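Enquirer: what follows is a predicted protein model with its sequence.
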Amino acid sequence: MPTGEDSQGVTKVVESISQLSPDLLADACQHILFYLSGQTRGVESAHISDRFQRAGVRLDHDVLQNIVRFLLLTFRSAGKSNLSADNLVSKLEEGSNKWPKASLQVMHKLWSEHGALVHAQQEVQAMLSISQLVDLQWKLCMAVSSDTCRSLNSPYVCLLLKIIEPSGQICQRSFEMTIPQFQNFHKQLKEMATVMETV
């Protein structure tokens with residue numbers, strides 16, 4: 001049972017969703033459902049934001065992120081519980097009485113089409129809930145000033161990793177390595193690639 005604060009949060013998200021036309025809501029939901037059914041590698045909030053802006057809907061970044069998180073959680077939870085489209089709509093109505101009828105119809109239709117695929121994918125992901133590396137970029141840099149480093153003008157490597165977390169959100173992580181550390185890292189990657197070729 002949601003607490004008063006939780007239900008207020010749901011109501012705010014639902015009020016934000018109610019600003020969307022059925023077509024925009026369907027587009028956002030499909031983007032998320034394609035990810036949850038294993039057809040895409042992640043949920044690009046930037047894609048959803050661009051689509052909204054082209055349609056003239058301007059939402060604050062946090063509001064958009066809350067909508068994406070809510071839809072991800074809703075569909076993922078419905079997939080794990082193997083809910084029917086009717087049961088999903090009932091749960092949404094229980095969570096908030098602010099749902100527009102047109103929005104519930106969109107959710108019902110899309111869940112009828114994608115629910116079984118999402119359920120199957122959720123069962124697979126339950127066994128494999130780890131992050132995935134999508135992209136790795138590196139650049140050679142030079143330290144020119146530092147409060148703590150004694151040896152300036154020494155080269156280092158800056159790595160940027162793009163990772164899909166189990167939640168579906170794409171995040172970036174960056175860190176720095178000395179040249180010997182990077183050479184060792186490169187050697188380990190080559191060894192892993194060799195081992196994977198034999199599998």
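Expert: Thanks, I have it. Every value quoted in this text rests on a predicted model; they were computed, and no experiment measured them. Numbers count the residues shown, from 1 in each chain.
Enquirer: tell me what the longest helix along the chain is packed against?
Expert: Longest among the helix segments of the chain by residue count, using DSSP state H, is helix 101-127. Packing partners of helix 101-127 (3 or more CB pairs under 8 Å, 6 or more residues apart in numbering; DSSP states H and E): helix 22-36, helix 61-81, helix 85-95. Just so you know, the C-beta spots here come from the backbone N, C-alpha and C atoms, and that holds for glycine as well.
Enquirer: just these: most buried one?
Expert: helix 22-36 (a mean of 19; mean count of other CB atoms under 10 Å).
Enquirer: and the next helix or strand past it?
Expert: Toward the C-terminal end, the helix or strand that comes next after helix 22-36 (DSSP states H and E) is helix 45-54.
Enquirer: buried residues in that next one, which are they?
Expert: Neighbour counts using 16 or more other CB atoms under 10 Å place 45, 48-49, 52 of helix 45-54 among the buried residues.
Enquirer: nearest residue to the residue nearest to the spatial centre of the chain in space, please, no chain neighbours.
Expert: Centroid-nearest residue in the chain, with CA atoms, centre = their mean: Gln169, separated by 2.1 Å. Leaving aside its chain neighbours, Gln169 sits nearest to Val43 (6.6 Å; criterion: CB to CB, 6 or more residues apart in numbering).
Enquirer: one step back: and the longest helix of the chain, what's its mean pLDDT?
Expert: Across helix 101-127, the average pLDDT comes to 88.
Enquirer: could you measure from Gly168 over to Ser112?
Expert: 21 Å (CB to CB, to the nearest Å).
Enquirer: more neighbours: which of these two?
Expert: A count of neighbours by other CB atoms under 10 Å puts Gly168 above the other of Gly168 and Ser112, at 20 against 13.
Enquirer: what sits against the more buried one?
Expert: Applying CB atoms under 8 Å, 6 or more residues apart in numbering to Gly168 gives the contacts 32, 35-36, 42-43, 72, 76.
Enquirer: show me the shaky parts of this structure.
Expert: Along the chain, segments meeting pLDDT under 70 span 1-7, 125-129, 145-152, 198-199.
Enquirer: how does it divide into domains?
Expert: Following automatic domain parsing, one gets these domains for the chain: 4-127, 132-198.
Enquirer: in contact with Ala85, which residues?
Expert: Neighbouring residues of Ala85 by CB under 8 Å, 6+ apart: 107-109, 111-112, 115.
Enquirer: switch to 7 Å and redo it
Expert: Counting by CB atoms under 7 Å, 6 or more residues apart in numbering, Ala85 makes contact with 108, 111-112, 115.
Enquirer: right, I'll leave it there.
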